[in-house]
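Trainee: Quick check, what structure comes out for this input:
(2 chains)
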Amino acid sequence: MTFFILFSITCLSQKNEALDITKKIKAEAGDFLFQKKEIESVDNLESKISIVEILDKKILGFNDVGIYRLFPHKSPSFTYIILKNKSKFNIIDLKDFSSALKSITKFLNSSNLGNDKIVSYLEKILETYRNNDYDNKIRM
Amino acid sequence: MLMKKYYFLIFILFTIGTVSAQKKEKLSKEEKARREKNIKAGNPFIKYGSKAPVATLSKGKYLEVQDLDSIVTIGTMRWHVDKKEIVGRISVDTLNIDSQPIGDTAGRWMAIDPLSEEFSSWSPYNYGKDNPISNIDPDGRAADDWRNKAGQLVYDPKANGGKGAYTEHATNNDKRLGNSLQSTETGRQQFNKLVNSEQPITVEINFGSEAVVGSDGGIQMGITTNNYQAGSDMQGNVEDVQLENSNIKINVASIEKVEGQLKTPSFSKSPYKGLNFEQLLGVTFGHEIEHTTKDNILHTEQGGNTETKPTAVGIQIATELKEIKK
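Mentor: Below is the predicted model of the structure:
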């Protein structure tokens, strides 16, 4: 009985921890986009921004390790990258691509992912970079 | 005796678990004010000066005191709001003034609008924003047409015998903007998407004298903002979006600047080359409308490029305009 209760409490506390990380990432992502002038305020953030895993397209909170697309619900705007490894995360602007690539490489090396997954991640990141179309002088 | 010790341990563990679960949420000023309002609404003793710290189960997150009976009385009708049908009538005894049924006055709501919280500036008992001549509300949902910045209806697709017409709130510039779309087939399709949209869409025309330039130096002819929440399945895969509202801003000075730039050799390969201001207005508006569609939003959420479809729409309008010119 005691074991069952302790086990339940441990599970619940882990769930709470995962929720806390998700909330923390969302809050920091909101501040990041606000500083980049992509959103006008951080109120009602759930309706203004999205964070979706770049490969399996799951929303934040389901994967311990992953690379996420961060984008405001606005056009024109840019898509940013969040590198998440358990409780650690890093928000990256792809505009400075060489600097972004260093952080991405470091993340991929430390995450113990297979070669296929690393290649898939890199392909998706390059696609995101191209979609951002930084050199376009006329935007709608 | 030994078991009693365990009971105490279990009690302590439960207490720790419960206390640790009661983490305080961080709330913005607006959210805090909204929740306080909901808590007040849920406290029947507020008129006696009693302020309970928590009067609602959700701590004010949701308004919990709405009268959401599935059967409501409207005039002498008993209306089932889920089945959307009349389920009974009240026969009025005109000879006995004391036996009149509650709600026997025609047109009086006996339950507040379930969406009243979204329209806090309006009475929860209003119908069609107190303008039953301009506005109809066949299904009780929120307004879903082209609106101006003040939220007034600009175009009513149900007016003019279902052919659609601009309302008294439409300015000449609104009409000019709308007409800029109507000269091509694709433009007309986009116009229909706007006036029959799932969510309310406000359209603003920015007459500022300076072109709007983004942080990357790109001239922004139009800007669309969508408020929505993505819904996922149990595995976290995005499968639907709940649209709240959208806003389209058309930047006139930017379009004028682009019109000038398109005449330079650097833009010789642009699909918009050769279009005049009015036509570029239509292209921009058509592009922005595509950004507000559920299809495009879902496509973006599921990993697609958000600009692919709107750009294709803009190019298609430009192509059709050039064909007309020929």
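Trainee: Run a quick neighbour tally on B:His33.
Mentor: I think there's a mix-up here, since residue B:33 is Ala and not His. As a burial measure, B:Ala33 scores 12 neighbours (other C-beta atoms under 10 Å in any protein chain shown). To be clear about C-beta, it is placed using only N, CA and C from the backbone, and glycine gets the same treatment.
Trainee: For it, pull up the helix or strand it's in.
Mentor: In this assignment (DSSP states H and E), B:Ala33 forms part of helix B:29-41.
Trainee: If you count neighbours, what's buried in that helix?
Mentor: Neighbour-count burial for helix B:29-41 flags B:Arg34, B:Arg35, B:Asn38, B:Ile39, B:Ala41 (criterion: 16 or more other C-beta atoms under 10 Å in any protein chain shown).
Trainee: helices or strands up against whichever strand or helix holds B:Val241?
Mentor: Assigning secondary structure by DSSP H and E places B:Val241 in strand B:238-251. Packing contacts for strand B:238-251, counted by 3 or more C-beta pairs under 8 Å, 6 or more residues apart in numbering or on different chains; DSSP states H and E, involve strand B:201-206, strand B:222-232, helix B:277-291, helix B:294-301.
Trainee: The ones you listed: which one's closest to B:Asp82?
Mentor: Of all the helices and strands packed on strand B:238-251, strand B:222-232 sits nearest to B:Asp82, with 21.4 Å by C-beta to C-beta.
Trainee: now what about the closest one, what contacts it?
Mentor: A:44, A:46-48, A:50, A:52, A:58-59, A:73-76, A:140, B:199, B:212, B:238-251, B:284-285, B:287-288, B:291-292, B:297, B:301 (C-beta atoms under 8 Å, 6 or more residues apart in numbering or on different chains).
Trainee: can you tell me which residues contact B:Ala211?
Mentor: By C-beta under 8 Å, 6+ apart, the residues touching B:Ala211 are B:Ile219, B:Asn251, B:Ala253, B:Ser254, B:Glu256, B:Lys257.
Trainee: quick one on the thing from earlier: now the strand holding B:Val241, how far from the centre of its chain.
Mentor: Offset of strand B:238-251 from its chain centre (C-alpha atoms, centre = their mean, to the nearest Å): 8 Å.
Trainee: and the angle from it to strand B:222-232?
Mentor: 170 degrees (axes from the mean of the first three to the mean of the last three C-alpha atoms, to 10 degrees).
Trainee: Which residues belonging to strand B:238-251 are considered buried?
Mentor: B:Val238, B:Val241, B:Leu243, B:Glu244, B:Asn245, B:Ser246, B:Asn247, B:Ile248, B:Lys249, B:Ile250, B:Asn251.
Trainee: Can you name the residues in contact with stretch B:191-207?
Mentor: For stretch B:191-207, with C-beta under 8 Å, 6+ apart as the criterion, the contacting residues are B:142-149, B:151, B:154-157, B:164, B:173-174, B:177-178, B:181-182, B:212, B:228, B:243-253, B:289-290, B:292-294.
Trainee: Which single residue in chain B comes nearest to chain A?
Mentor: B:Gly236 (3.4 Å; C-beta to the nearest C-beta).
Trainee: Could you report the neighbour count for that residue?
Mentor: 16.
Trainee: Report pLDDT for it.
Mentor: pLDDT for B:Gly236: 89.
Trainee: So it sits against A:Gly61, correct?
Mentor: Yes. B:Gly236 is within contact range of A:Gly61, at 6.8 Å (criterion: C-beta atoms under 8 Å).
Trainee: The lengthiest strand in chain A vs strand B:222-232, what angle?
Mentor: Looking across chain A with DSSP state E, the single longest strand is strand A:65-72. Angle, strand A:65-72 to strand B:222-232, by the same axes, to 10 degrees: 140 degrees.
Trainee: Adjacent strands (with direction) for strand A:65-72?
Mentor: Its sheet considered, strand A:65-72 pairs with strand A:49-53 (antiparallel), strand A:80-85 (antiparallel) by DSSP bridges.
Trainee: Tell me which stretches of chain A form helices.
Mentor: Here chain A has its helices, by DSSP state H, at A:2-35, A:45-48, A:97-110, A:115-132.
Trainee: what number of residues lie near residue 45?
Mentor: By default, I'm working from chain A. 17.
Trainee: try chain B instead
Mentor: B:Phe45: 10 neighbours (other C-beta under 10 Å).
Trainee: and if you look at the one 4 residues further on?
Mentor: Residue crowding around B:Gly49 was assessed by other C-beta under 10 Å; the count is 6.
Trainee: circling back: can you check which of the helices of chain A gets nearest to B:Ile112?
Mentor: Across the helices of chain A (criterion: C-beta to C-beta), the nearest stretch is helix A:45-48, sitting at 23.9 Å.
Trainee: what does that closest one contact?
Mentor: Contacts to helix A:45-48, defined as C-beta under 8 Å, 6+ apart, come from residues A:Lys26, A:Ala27, A:Gly30, A:Ile39, A:Pro72, A:His73, B:Asn227, B:Tyr228, B:Gln229, B:Glu244.
Trainee: biggest separation within the contacts of B:Ala211, which pair?
Mentor: Using C-beta to C-beta, the two most remote members of these are B:Ile219 and B:Glu256, lying 10.1 Å apart.
Trainee: neighbour-wise, which of these two wins?
Mentor: Using other C-beta under 10 Å as the criterion, B:Ile219 and B:Glu256 rank with B:Ile219 on top: 20 against 16.
Trainee: residue contacts, that one?
Mentor: Residues near B:Ile219 by C-beta under 8 Å, 6+ apart: A:Lys137, A:Ile138, A:Arg139, B:Ala211, B:Val212, B:Val213, B:Ser254, B:Lys257, B:Val258, B:Gln261.
Trainee: Who is it paired with across the strands?
Mentor: Per DSSP bridges, the residues bridged to B:Ile219 are A:Ile138, B:Val213.
Trainee: any idea of the pLDDT on it?
Mentor: The score at B:Ile219 is 92. That number is its pLDDT.
Trainee: wait, doesn't B:Val87 sit right on B:Trp79?
Mentor: Yes. In this structure B:Val87 lies within contact range of B:Trp79 using C-beta under 8 Å: 7.2 Å.
Trainee: joint contacts of those two?
Mentor: B:Ile71.
Trainee: More neighbours: which of these two?
Mentor: Per other C-beta under 10 Å, whichever of B:Val87 and B:Trp79 has more neighbours is B:Trp79, with 18 against 11.
Trainee: I'd like the average pLDDT over the helix holding B:Ala33.
Mentor: Mean predicted lDDT for helix B:29-41 stands at 81.
Trainee: before we move on, back to that, make TSV from the strands paired with strand A:65-72 and add mean neighbour count, mean pLDDT and distance to B:Leu321 to it.
Mentor: Formatted as TSV, the strands paired with strand A:65-72 follow (neighbours: other C-beta atoms under 10 Å in any protein chain shown; pLDDT from 0 to 100; distance: least, C-beta to C-beta, whole Å):
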stretch	mean neighbour count	mean pLDDT	distance to B:Leu321
strand A:49-53	23	96	34
strand A:80-85	22	95	36
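Trainee: export those to CSV and tack on distance to A:Asn115?
Mentor: Converted to CSV, the strands paired with strand A:65-72 look like this (distance: least, C-beta to C-beta, whole Å):
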stretch, distance to A:Asn115
strand A:49-53, 19
strand A:80-85, 18
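Trainee: just so I know, which of those lies nearest B:Pro124?
Mentor: For B:Pro124, the closest of these is strand A:49-53, at 30.8 Å, according to C-beta to C-beta.
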